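> the amino acid sequence is not available; the structure is as follows:
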């Protein structure tokens, strides 16, 4: 374990630390160069003060709770719909032939162009932001789940048919346990695009949420606060992404161990 830690430090940690130092040095040099309008790129001291100001501001946490609620609802709605649609597309050749092309075409489309329609349907409150996030989340989850269904070991499916397992039994006992990795990867992608969708919607038409207070800081030209808000949002999103990535890696490792045990000669 210690050797592995030393190898990790020698191989990756030092270059990453050096990259961070170089990035901060480049930022400070650009801030002091006078090439840009004053405070567009604030010095590191002002940036740190802005970040601390965000972290000690109770209003930030109230707006963060609003965004978190919108994001959680968007993930629940968009993720559930994407899971159901992905299972259908992955298990049914007819459904895949009929609809999967549409999913692949609509998936990369910027969802913000739908926001005016969502405002008409759900109003200017939380509903339109939730819908924006749910639509953004839906497509990566569909694609990941459909690919995961097609990657299920055919032997498991034959065993399920030989035991005359019903559809819901096959879903719960075969498909879902074999798809933990793709599901978590889909959740990672869905989380990222849902967060972007919710924050974009909040910047367009809202009176609360993190996106709203970011735009407030921009309109007041309070660049240190705006950058501080962005740093906090990026750090939180990165932390969630790391947790989901680690969960997907652990699930993949457990699946490989079970497969290797099943392949051992008796």
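Yes, it's here. Being a predicted model, the structure only gives us computed values, none of them experimental.

> which of the residues in the helix or strand containing residue 26 are buried?
Under the criterion DSSP states H and E, the helix or strand holding residue 26 is helix 14-33. By neighbour count on 16 or more other C-beta atoms under 10 Å, the buried set for helix 14-33 is 27, 28, 31. For the C-beta atoms, the positions are set from N, CA and C on the backbone; glycine is no exception.

> show me what that helix is packed against.
helix 44-55 (3 or more C-beta pairs under 8 Å, 6 or more residues apart in numbering; DSSP states H and E).

> could you list the residues in contact with the helix it packs on?
24, 27-28, 31, 39, 42, 60, 222-229, 231-232 (C-beta atoms under 8 Å, 6 or more residues apart in numbering).

> orientation of that helix relative to helix 14-33 in degrees?
Comparing the axes of helix 44-55 and helix 14-33 via axes from the mean of the first three to the mean of the last three C-alpha atoms, to 10 degrees yields an angle of 100 degrees.

> let me know the average pLDDT across the following helix or strand past helix 44-55.
Where DSSP H and E defines the elements, the next helix or strand beyond helix 44-55 is helix 58-91. For helix 58-91, mean pLDDT is 92.

> going forward, count from 39.
I'll keep to 39 as the first residue from here, and by that count the last item is helix 96-129.

> helices or strands next to helix 96-129 in the packing?
helix 164-188, helix 218-242, helix 248-257.

> quick check: buried residues in that helix?
98, 101-102, 104-105, 108-109, 111-113, 115-117, 119-121, 123-129.

> ok, residues contacting whatever helix or strand comes next after it?
Next helix or strand after helix 96-129 toward the C-terminus (DSSP H and E): helix 131-133. Outside helix 131-133, the residues that touch it by C-beta under 8 Å, 6+ apart are 126, 127.

> so what secondary structure elements neighbour the helix or strand following helix 131-133?
Using DSSP H and E, the helix or strand that follows helix 131-133 in sequence is helix 139-144. Where contact means 3+ C-beta pairs under 8 Å, 6+ apart, helix 139-144 is packed against helix 164-188.

> from the chain's centroid, how far away is the next helix or strand after the helix it packs on?
Sequence order places helix 192-200 as the next helix or strand after helix 164-188, per DSSP H and E. Centre-to-centre, helix 192-200 and its host chain are 33 Å apart (C-alpha atoms, centre = their mean, to the nearest Å).
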